[in-house]
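Undergrad: Show me how the following folds:
(chains A and B, ligands or ions: 2)
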Amino acid sequence: MNFSVIICGVGGQGVVLASRLLAITAMNSGFHVNTAETLGMSQREGSVVSHLQFGDDIKSSLIPEGSADLIIGLEVSEVARNLHFLKKNGKIITNSKMILPSARSSNEKYDSEKIINFIKEKVKSTICIDFSEIAKVAGNPKSMNVSVLGAAFYAEFLPLKYDNFLKTIESEIPEKYRNINLNAAKLSAETIFNMQEGHDEQ
Amino acid sequence: MNNKHFLMGNEAIAYGAIAAGLQFATGYPGTPSTEVMETLIKNAKKYNFYAEWSTNEKVALETAIGASFSGASSIVTMKQVGLNVASDPLMSLTYLGVKGPLVLLVTDDPGPHSSQTEQDTRSFGLFSNIPVLDPSNSQEAYEMTKYAFEISKKYETPVFLRTTTRVSHRCDDVVLDDLKPSNEDIEGFSKSSRWVIFPKLAAERHPILEKLQETLSKEFSNSKFNFKTGTGKIGIITSGASYHYVNEAISNNKDLFSVLKIGTPYPFPEKKVIEFINDIESIIVVEELDSYLEDQLLQLFGKYGISKAVYGKKNNIFPYCGEYGIDIAKVGINKVLDILKIQRIEIPEKLISKNEIIPLPVRPPNLCAGCMHRTVFYAFKEVSKELKKQNIQTIFSGDIGCYTLGNAPPLELIDTCLCMGAGISIAGGISRTNKNSKNVAFIGDSTFFHSGIPAVINAVYNKADVTIAVLDNRTTAMTGHQPHPGTGKTALGEATKLIDIEGILKSCGIEFVKTVSADDFLTCKEISRAAIDYNGPSAVVFRGTCVSLVKSTKKCTINKNKCTGCKICVERLGCPAITLNGDIPEIMENCTGCGLCMAVCPVDAIKEVDEQ
Ligand code: SF4
Ligand code: SF4
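TA: Ligands and ions are numbered 1, 2, ... in the order given. Next comes the predicted model:
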C-alpha cells in the first residue's frame, strides 16, 4: 500500500505543521513516510505545498501529476492550483475560507464561489467546510489546520485511524496549545458526523 | 528504545555529524542548508561541541580549518552560492589536507527555489579534487555524513557532503544510533611546515593529491553507496533525488531496466561503472543540474574504447535546467524507448491538466505587512521622483536578503542585484560611469558583515559618490532569524559584544553617517534626501525590528466615509494587509500598524486603532 497526499495553503496557515502531524501519525502506524515542502521565498504570503506519502515502499519525495489520492486544502484557490496532482478518483477536503492576495497582484476579483464550484464539478468526493470558523469556536482560529486534518481522519479519507491522530496531537503539540487543538479536531469530527447522518437520512 | 525519528534531511545530517563525534561546527545561513546548523546549535550543549554562525562562508571555512588543524572533528555548512565565497581557502586547503576530519555540507538548489544560480557542487568537487558524497533521502544523508567523517579522517582530505533541496528539505523516518556526547579530547595544534602553503609545498603536495583521487575511486567502487538494482538490458545511471524519480517512473516496467545509483560522484567509481555497463546495451543518465555523471561516463568510454549509446542531456533527452521530477524522468526515458523501438512506459491518465485550471489569484512573494524595508524603499522612491523633476536619475543597487523583494511591484525600486555584498561595489562602478546620476546601494545588516565592509572601504578610498543604505532589522530574516555580529548574541545564545555598524562606517572614512528609525516615514525621506544630496560617500542606517519577531499591538483602519477610493494606499505600497474586494480598500488582521499607509493617504482616511 502507498498513499499520497498534497497539503496546500498560504504562508502562515500551518501547512508544514499539518504535514508533520499527518506524517508522524503515519509513521507511528507502522508506515514509511516521506514529505517534501516548498520553503524559502514562498513563505512570504505565497503559496505553500507539501507532498506527503506513506506506505510500505516510498520512493521519491515529489508526487507526480495525476497521482495524489487526496488533497487537504487550507485555502480554496490553493486547492484549485494543485488539482492537476489529483488522481482520477481522488478526494478533496478543504477549508472554504479564502485568503485574499495582496491587492496589487490580483487583477481579477477573487470569487471563491466560482472556484469552489469548479473544484466540486471536477471532483465528486469533495468536502468543503468553513474550518476557520470551527477552529475559532474551538478556541483559536490558528488551529484551523488541525481542524481540517481531524475532519479528514474522521471522514476516513485517509487509511489511518482518527484515534491515532488524536494521540499525535497529544505527543507533538506543546501543552499550552494541546487542548485547543484537540478541541478543534473533535469539533470538526462532530461536524463530519452530523453531515454524514444528514446524508443518510436523505 | 525506538530509534525511529521523523527527520528532515538537514536534521539527519546534523545527527550524522553528532554520531561521528562532532567537535566543531561553523556555517553561514542559506536556503536550503540552514537547518543543519540550526539543529547542531540546538544540540551543541547536550553533545558537547562548539557551534557558531560565522560572518560569511569563507570565514566559516577558515575557522573550521583552524579547528581541523588542531585535530577537531569539524563541519562547515553553506549553500551552493556560499561555496563560491569559500572557494579561495578551499582550493588551497585541498593541497594541504586536514588533520581532524573536515566535512563541508553544501546544498544545491535545482529549480532554483531560492537562489541566484543552479550550480552543481559535484562539478566543484571535480574542480577542487575534493571527494563528493550525494545522498538521496534522510536515512542515507545520516549514513553518508558518518561516512564523510570517516574518509576525511582516513585520507586526511576535506570531504563534500552535497545535497539538493529535495534531499535537504524532505522528511523521512530515520533510524538513528544511540547518540553520545563527544568525550574525545582535541589533540591541539602542533607546529609543522605542512600547514604553510608555499609554492614548494604546493608542488610537493600536488602529485599526492592526484594519487589520492585514484585511491578514492577504487575505494568508492566498493562502497555500499553505489549499488545496482534490476537485471534489464537498458542501464540507467543516476544519483541523488533523481534516483527516486527514476525508480518511480519505471516501477511498472522494471524488467526492461537495470539501475546504478551513484552515491559517490567524485572521484568517479570507475570500476563499479565498468562492471555495471558490461551486460548493458544502452545507457540512460538521469541527473539534475550539470551533465556531471554523463561527462564522467563519456570520458570513461573514451579511455577504454567502449562504444555504447549514452542518452542524457547532451543529446537533448533530458533538460540541463530546472528541477527534475517523475514526469521529466518518464518523458526522457520514453524518448529513449522510442529510439530503441521499445514500447513506452505508461503515463497515467490525469484528472485535469495544469492548463485546464481556471484563473486563480496570483501570490507572488512580497515584503511582510509592516516590514521596515517597505518604508525605506518608499521613502527613496519619493526622493527619486523629486530628483527626476530636476532631470537627475537615481540608480538603486540591491543585495541579497528579504530586501531583494524591493524589486517586486509596486515598489519596483531595485535596478541591480548580483550576489551578497555586491550592491555597494556595483553602485561604485555605476557612479564612475554615469554622468548625471545619484547612486544608492541597499544592504542588510547580516550582509553588511558578510561582505559589505570591504566594499565600503573601496567606495571611500576610491572616492565613489554613493549613498549606502543599511537596512538594519537586527536579524538575518530571510533564512530564519539567525543572529549576527550586530545582534549582541552568539549562535549559542550567549551575550557578546554588539558590533556597531555606524562605528564601522565612520572608521571606514565615511563622514556623513546618520541613523534613523524606520518607523518614521517622513524622517526617513528627509534623511534619504540629505544623504543623496551629500557630495561624496554617505551612509544611513535605517533601524527597525523584523515584524515576524515582534508581535505588534497596533492596527490601522480605513474610515469608509472619508476614503475617496483613490487606491493610492493599495497601488503604491503593495502592503499585503491592504486588500481590495470592492471600491474601498480594507485593512486586514495582519496589519502591524506601521503607519506607512497613513502617510500616503491624501485625505487622511486611515487611522490607527488600539488593538489590546
Ligand atoms: S499600517 Fe498600513 S502599511 Fe502598515 S502594515 Fe498596516 S496596512 Fe500595511
Ligand atoms: S489612499 Fe486613502 S483615500 Fe485613497 S483609497 Fe487608500 S484610504 Fe482611500
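Undergrad: tell me the phi and psi of A:Leu95?
TA: Leu isn't right for residue A:95; it's Asn. phi -70, psi 140 (degrees, to the nearest 10).
Undergrad: isn't it right up against A:Val148?
TA: Yes: using CB atoms under 8 Å, A:Asn95 is in contact with A:Val148, at 5.7 Å. Where you see a C-beta, it was placed from the backbone N, CA and C, and this is true even at glycine.
Undergrad: Spell out which residues are contacts of both of these two.
TA: The contact sets of A:Asn95 and A:Val148 overlap at A:73-74, A:131 (CB atoms under 8 Å, 6 or more residues apart in numbering or on different chains).
Undergrad: Mind putting those residues into a markdown table with distance to chain B?
TA: Below are the shared contacts of A:Asn95 and A:Val148 laid out as a markdown table (distance: CB to the nearest CB, whole Å):
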| residue | distance to chain B |
| --- | --- |
| A:Gly73 | 13 |
| A:Leu74 | 13 |
| A:Phe131 | 17 |
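Undergrad: filter those to the buried ones?
TA: A:73-74, A:131 (16 or more other CB atoms under 10 Å in any protein chain shown).
Undergrad: related to what we said a few turns ago, include pLDDT and secondary structure when you put the shared contacts of A:Asn95 and A:Val148 into a markdown table, please.
TA: Listed next are these as a markdown table, based on pLDDT from 0 to 100; DSSP: H, G, I helix; E, B strand; the rest coil:
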| residue | pLDDT | secondary structure |
| --- | --- | --- |
| A:Gly73 | 97 | strand |
| A:Leu74 | 97 | coil |
| A:Phe131 | 97 | helix |
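Undergrad: Relative to B:Thr592, which of the residues you listed is nearest.
TA: A:Leu74 (22.6 Å; CB to CB).
Undergrad: related to what we said a few turns ago, turn the shared contacts of A:Asn95 and A:Val148 into a markdown table, including distance to B:Ala441.
TA: Listed next are the shared contacts of A:Asn95 and A:Val148 as a markdown table, based on distance: CB to CB, whole Å:
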| residue | distance to B:Ala441 |
| --- | --- |
| A:Gly73 | 43 |
| A:Leu74 | 39 |
| A:Phe131 | 46 |
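Undergrad: Which of those sits closest to B:Phe189?
TA: A:Leu74 (53.9 Å).
Undergrad: Quick one: residues contacting the closest one.
TA: A:7-10, A:13-15, A:18, A:94-95, A:131, A:144-145, A:148.
Undergrad: Could you export those as a markdown table, including secondary structure and distance to B:Leu256?
TA: Below are the contacts of A:Leu74 laid out as a markdown table (DSSP: H, G, I helix; E, B strand; the rest coil; distance: CB to CB, whole Å):
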| residue | secondary structure | distance to B:Leu256 |
| --- | --- | --- |
| A:Ile7 | strand | 34 |
| A:Cys8 | strand | 35 |
| A:Gly9 | strand | 40 |
| A:Val10 | strand | 43 |
| A:Gln13 | coil | 43 |
| A:Gly14 | coil | 43 |
| A:Val15 | helix | 38 |
| A:Ala18 | helix | 39 |
| A:Thr94 | strand | 40 |
| A:Asn95 | strand | 44 |
| A:Phe131 | helix | 46 |
| A:Met144 | helix | 47 |
| A:Asn145 | helix | 43 |
| A:Val148 | helix | 42 |
